[in-house]
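Colleague: Got a sequence here, can you model it:
(one chain, ligands or ions: 2)
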Amino acid sequence: MSAYLKAYQLAQTQPQDFWREQALKLPWYRFPQTILSNDENGIERWFADGELNTCHLALDQHVEAGRGDQTALIYDSPVTGTKVQYSYQVLRDQVAKTAGMLADLGVSKGDRVVIYMPMIPEAAMAMLACARLGAIHSVVFGGFAPNELAVRIEDAEPTVILTASCGIEVNKVIPYKPLVDKAIMDSRWKPEHVVVFQRNACRADLSEARDGDWQALKNKADMHPCVPVKATDPLYILYTSGTTGKPKGVVRDNGGHAVAMKYSMETIYDVEPGDVFWAASDVGWVVGHSYIVYAPLIHGCTTIMFEGKPVKTPDPGAFWRVCNDYSVNVLFSAPTAFRAIKKEDPNGALLVDYPMTSLKAIYMAGERLDPPTLEWVQEKTGRPVIDHWWQTETGWAIASNPVGLESFAIKPGSATMPVPGYGVVVLDELGDEKSTNQQGFIAIKRPLPPGCLPTVWRNHDRFQSGYLSQFPGYYVSGDGGYIDEEGYLFVMGRIDDVINVAGHRLSTGEMEEVVGGHEAVAECAVIGIHDELKGQLPLGLVVLKDGYYSADGVIEKELLQKVRHEIGAVACFNRALVVERLPKTRSGKILRRVIRQIADGEQYVVPSTIDDPSSLGEIEKALN
Ligand code: COA
Ligand code: AMP
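Modeller: Ligands and ions are numbered 1, 2, ... in the order given. Next up, the predicted model:
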């Protein structure tokens, strides 16, 4: 039997033996006697009586093993012209001091800390410092507007917010402190402290009583030791877009997460301790949590924090330069990043300057990897390009080419095989398994493997209703797709209101709430339409209330500003159109799918349930 099949079947038939074996690879404070059990909600939990500390696994264990001089983290920032390398010893000491600073501010086990920071080493230090204390971090992506930050503050109820004076985007400095102050003003929950890391590009005003200066507070602090936590204690909450306006707080536990991170580095990425692993993403996203911070460090690799973009910082050779300069073994990013590079350097001319002799493979996730991008990257770099599919909820890949076990031939458009631990099936509306090559709901048989979410923060009903109720015994992923006759999984896209814009997960439902909140809007639909560069872009269609008229597109412009202001620039809500009416079914449901097909220039079938077929013609006219 092949190595992959053997592992896959063992994980399915004897999950406890399989995951116990993986757990043995980590230095626990107390090795779990119970591998799999149910919690008070009836949810399967891994390693319930184990004790560990994730920061100890990420840093201290390597220092204790005599590898303190190895480089743990490389910071490369073309936007500030800075390059710094931190050894495991230095990073451990910095994190221990940061933890001491948080402890001095009253943070202890179970407390929440919101981290709203750009891609600087202090962001990773902040996350690891929380882990060290057993506190729960919640990182909020820097591209989100104050309103989004406020929603997260209100839900997580942090004791402390850690931030920096500014983020630096291509050619612009974004002061963060006013955004944090505005978010706190708008939030019902008020944190006790806001600690600001001052950057030279812009100094923040620290005049509020709750404000503190990061460097000064950290200098005063003592190094704090690791606090043992239970495997099932939360490590972090990461908010992600769902179908409603309110983001979901995905909870990640300590034990299952650590085991999954370690296993994934061996099986999916096939890297060894000491290798250099670069996830070109942002700590605000799950990719950043798992593969900039936790997995590479737990596995003893060198990780890279890149404060820049694939293009314009300064040119489309940035990725190749970093891979070359730091002897990167594995590069991981979103397809959109490579589309951006391809657009500016279609012949890959800049690759000539960078031989990247250590680079073994390039991984992609975050959105569907379109075959032309796959082929371009493969051809220009000469490296295998591995598409793998996962979600914030799972924290690591559900399907991938498991090259650490066995390499499968790459099929463009497919994320290859389910990873051992994930019982992936494709179901129809009734919950019956579809036959091969038939599209349906992609679901995962319970129990989910270690690392996946056990609940939604303080809203278990939402976890139950959003993921588990539709098909009893399964977790429903929200993606549609099929499995072919050779067992390859093809993920075709979301079957809910979630869209992926430049690899960023956003909710059209949330955008509709914001657009619908404009005084002139009677009703609206926001849909994700195809975009060559960003994969998808939101498009808003609005019907105005009687008596309102949009002279020179004023209302459309206000709507774009409103979404930018309330969700953030990252939503890329750059197109809104006023229409007379929206196509609907007789029961009043807006035909979003058909609108999308029209916008994308696809063939569509007029649904038999449509109320007035002529409404489609109006949409076609408006869009052309
Ligand atoms: N802080 C503040 N603003 C941010 C931000 C951040 N961290 N990240 C993005 N923004 C802003 C951008 O400046 C831009 O603002 P603008 O409309 O005023 O110009 C807006 O949000 C849209 O950003 P983005 O969609 O990223 O567009 P871009 O043109 O700046 O870059 C790519 C396009 C493809 C180069 C970029 O999205 C990218 O590198 N994506 C990689 C995807 C990724 O990391 N995904 C994570 C999962 S792997
Ligand atoms: P996020 O939670 O931000 O990681 O987004 C998860 C969603 O991104 C998934 O549900 C998919 O819709 C999409 N996605 C991620 N990786 C892939 C992939 N390799 N192929 C297709 N879609 C993907």
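Colleague: Mind giving me the packing neighbours of the top helix by length along the chain?
Modeller: Counting by DSSP state H, the longest helix found in the chain is helix 88-104. Helix 88-104 sits against helix 61-64, strand 71-77, helix 121-133, helix 214-220, with contacts defined as 3 or more C-beta pairs under 8 Å, 6 or more residues apart in numbering; DSSP states H and E. C-betas here are computed from N, CA, C, even on glycine.
Colleague: Pick out the residue in the stretch 351-500 of the chain sitting closest to ligand 2.
Modeller: For the stretch 351-500 of the chain and ligand 2, the shortest gap (C-beta to the nearest ligand atom) falls at T392, measuring 3.4 Å.
Colleague: wait, the stretch 101-250 of the chain
Modeller: For the stretch 101-250 of the chain, the residue closest to ligand 2 is T240, as judged by C-beta to the nearest ligand atom, at 5.2 Å.
Colleague: Strands along the stretch 451-600 of the chain, start to end?
Modeller: Ranges of strands in the stretch 451-600 of the chain, per DSSP state E, counting those that start in this stretch, are 474-483, 489-494, 498-501, 504-507, 521-531, 535-544, 576-578.
Colleague: Mind giving me the packing neighbours of the second one?
Modeller: Pointing back at strand 489-494 there. Packing partners of strand 489-494 (3+ C-beta pairs under 8 Å, 6+ apart): strand 474-483.
Colleague: List of residues touching the strand it packs on?
Modeller: 389, 391, 393, 398, 424-427, 431, 434, 436-446, 448, 452, 467-468, 470, 489-496, 498 (C-beta atoms under 8 Å, 6 or more residues apart in numbering).
Colleague: repeat that for 7 Å
Modeller: For strand 474-483, the surrounding residues in contact (C-beta atoms under 7 Å, 6 or more residues apart in numbering) are 391, 426, 436-446, 448, 467-468, 470, 489-496, 498.
Colleague: hmm, back to that, for the residue of the stretch 351-500 of the chain closest to ligand 2, give its distance to A183.
Modeller: Using C-beta to C-beta, to the nearest Å, we find T392 at a distance of 21 Å from A183.
Colleague: now do P15
Modeller: 42 Å.
Colleague: what about these two, which has more around it?
Modeller: Comparing P15 with A183 by other C-beta atoms under 10 Å, the one with more neighbours is A183, at 26 against 20.
Colleague: I'd say that one and R152 touch.
Modeller: No. In this structure, A183 is not within contact of R152 by C-beta atoms under 7 Å, at 8.4 Å.
Colleague: Give me the angle between the helix or strand where G617 lies and strand 521-531.
Modeller: Using DSSP states H and E, G617 maps to helix 614-623. Here helix 614-623 runs at an angle of 60 degrees relative to strand 521-531 (axes from the mean of the first three to the mean of the last three C-alpha atoms, to 10 degrees).
Colleague: tell me the mean pLDDT for helix 614-623?
Modeller: For helix 614-623, mean pLDDT rounds to 89.
Colleague: Quickly note the distance from G466 to G478.
Modeller: For G466 relative to G478 (C-beta to C-beta), the value is 8 Å.
Colleague: Just confirm I161 is within a helix.
Modeller: No. Applying DSSP: H, G, I helix; E, B strand; the rest coil, one finds I161 to be strand, outside a helix.
Colleague: Kindly state the beta-bridge partners for it.
Modeller: Applying DSSP bridges to I161 gives these bridge partners: V114, V194.
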